[in-house]
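>>> Quick one, structure for this:
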Amino acid sequence: RISLSKEARRGCPQILAMADVAAPTTDSKGRPFISMADLGKHAKREDVWLAIHDKVYSVSKYLDEHPGGEEVLMDRAGQNATEDFEDVGHSKDARKQLEKFEVGELLPSERSSKKEGDGGSGEGGGAMPLILVSALVAAAGVAYYYYTTQLA
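Numbers count the residues shown, from 1 in each chain. Got it, this is the predicted structure:
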């Protein structure tokens, strides 16, 4: 809530209307927003929360099942793990699995500047460009070798 001087209240009704609109305190599902400070309190093995794309997940029960090992999750416990999550290139199935662990959303003022669609295709293709380029280089090398040995 914004407090205004008497002069400002008398001078501009639009400012008054904006001042009376309080910032939301709950997310789209009616849960209180989670601050980065609160997120940071959940960094013990028995209570692990991570933020990914501004949503907060409680992954304590998933530590033993995570294909990459629990260490990967514990390294980012109580923190924003969006960049790490995208760097790995998780599949659609992995992204869908997150839904059952969602406990809330970060405060709008503490969200990362990247929007949810940035940083990943959602299909787990993080290393795909490197693999594609490598395959094309290898194919070009084989074609060159074959071409030069056939002409000799």
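
>>> And Glu102, how close does it get to Val56?
The gap separating Glu102 from Val56 is 7 Å, by Cβ to Cβ, to the nearest Å. C-beta: built from backbone N, CA, C; applies to glycine.

>>> quick one, which of these two is more surrounded?
For Glu102 versus Val56, neighbours defined as other Cβ atoms under 10 Å are more numerous around Val56 (23 against 15).

>>> By mean pLDDT, which helix or strand of the chain comes out lowest?
For the chain, using mean pLDDT, DSSP states H and E, the weakest element among its helices and strands is helix 13-19, scoring a mean of 54.

>>> Kindly export the helix or strand just after that one (C-alpha atoms) in PDB.
Later in the chain than helix 13-19, the nearest helix or strand by DSSP states H and E is helix 36-40. C-alpha atoms of helix 36-40 as PDB (Å, rounded to 0.1, in the frame of the first residue of the first chain):
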ATOM      1  CA  MET A  36      13.500 -15.800  -1.200                       C
ATOM      2  CA  ALA A  37      14.200 -15.600   2.500                       C
ATOM      3  CA  ASP A  38      11.500 -18.200   3.300                       C
ATOM      4  CA  LEU A  39      12.800 -20.300   0.400                       C
ATOM      5  CA  GLY A  40      16.200 -20.200   2.000                       C
END
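
>>> which other helices and strands contact the next helix or strand after helix 36-40?
Using DSSP H and E, the helix or strand that follows helix 36-40 in sequence is strand 43-44. If you count contacts as 3 or more Cβ pairs under 8 Å, 6 or more residues apart in numbering; DSSP states H and E, strand 43-44 packs onto no helix or strand.

>>> so Val48 is in which element?
strand 47-52.

>>> Show me which residues of that strand are buried.
Neighbour counts over strand 47-52 (16 or more other Cβ atoms under 10 Å) mark 48-52 as buried.

>>> Turn these into TSV, columns for distance to Phe33.
Converted to TSV, the buried residues of strand 47-52 look like this (distance: Cβ to Cβ, whole Å):
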residue	distance to Phe33
Val48	19
Trp49	14
Leu50	16
Ala51	12
Ile52	16
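
>>> List just the nearest of the residues you listed to Gly40.
Trp49 (8.8 Å; Cβ to Cβ).

>>> Tell me which residues touch the closest one, please.
Shown in contact with Trp49 (Cβ atoms under 8 Å, 6 or more residues apart in numbering): 34, 39, 42-43, 56-59, 77-78, 103.

>>> Could you report the neighbour count for Gln150?
Using other Cβ under 10 Å, the number of residues around Gln150 comes to 7.
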